[in-house]
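Chemist: my questions are about this predicted structure, shown below with the sequence.
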Amino acid sequence: MRRFFLLFFLFAPFLGARAQKPTDKPALPRDPETGKVTYTAVVEVPGATQAQLKQRAVEWMRKNIGARDGAAPVEDKETGQLTVQVEQHTMAQVGIYPLPETVHSTLVLYTKEGRYKYEFTNFNAVSMGPFENDEPAVKVALGGGMIRRAWNATRNLSDHEVKEWIASLDKAMQAKTKAGNDF
């Protein structure tokens, strides 16, 4: 009986807590003006020039986005904006069923002296629709619950990967650039 009470008091704080399952509805960031799912921030990089930040951004995009699907960043010469079309391949596990999905989005990077801004937006799952929808665009008479769980799992997987990219981007942008004669 003592063991029971000891175990109960050890685990009682965790009984009410529940980790988010991969099929739970994700809390995705939304742009208040457009309502679109958007990950955005302005990040300070003290001492970095616009040219250095642009070089780091292009290198990061080629290494992390373009290397996967051949996408190359497109530069707008007037604004200095770098844009790349992103393609994510997810594999939602719903019960025993692996459900593959392709998610398209857009990454836009702006660079200025000492800071940069990123925007991941326009998320669209090829077979299920835009991420702004609470329900998938697919309507199935049978297995609708499974489709909804796959929809949430796909959005959770994409959310996780985008957050990893943002951390990786920040690390790359904060790195010091070596001068050409520093070898």
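Modeler: Received it, and whenever you're ready, just let me know what you need.

Chemist: helices of this structure, residue ranges please.
Modeler: For the chain, the helices identified by DSSP state H occupy 2-15, 50-61, 67-69, 144-174, in order along the chain.

Chemist: could you check the angle helix 50-61 makes with the longest one?
Modeler: Meaning helix 144-174. Using axes from the mean of the first three to the mean of the last three CA atoms, to 10 degrees, the interaxial angle of helix 144-174 with respect to helix 50-61 works out to 140 degrees.

Chemist: for the one residue sitting closest to the centre of the chain, give its distance to Trp60.
Modeler: Centre of the chain computed as the mean C-alpha position; nearest residue by CA atoms, centre = their mean is Val162, 1.6 Å away. Computed with CB to CB, to the nearest Å, the distance linking Val162 and Trp60 is 14 Å. Backbone N, C-alpha and C define where each C-beta goes, glycine included.

Chemist: can you give me the first-to-last residue distance of stretch 41-60?
Modeler: Taking CA to CA, to the nearest Å, stretch 41-60 runs 17 Å from one end to the other.

Chemist: buried sites along that stretch?
Modeler: Of the residues in stretch 41-60, those buried by neighbour count under the rule 16 or more other CB atoms under 10 Å are Val45, Ala48, Gln52, Leu53, Lys54, Arg56, Ala57, Val58, Trp60.

Chemist: residues touching Ser105, list them.
Modeler: Taking CB atoms under 8 Å, 6 or more residues apart in numbering as the criterion, Ser105 is in contact with Gln85, Val86, Gln88, Phe120, Thr121, Asn122, Phe123, Asn124, Ser158, Val162.

Chemist: quickly list what it is bridged to.
Modeler: Judged by DSSP bridges, the bridge partners of Ser105 are Val86.

Chemist: just use 10 as the starting number from now, easier for me
Modeler: New numbering, starting at 10: the last item is Ser114.

Chemist: got any ranges where the protein has weak pLDDT?
Modeler: By pLDDT under 70, the low-scoring segments of the chain are 10-32, 75-80, 148-153, 186-192.

Chemist: hmm, try it at 80
Modeler: 10-32, 75-82, 89, 103-104, 147-154, 185-192 (pLDDT under 80).

Chemist: touching, Tyr119 and Thr88? I think so.
Modeler: Yes: taking contacts as CB atoms under 8 Å, Tyr119 lies within contact range of Thr88: 7.3 Å.
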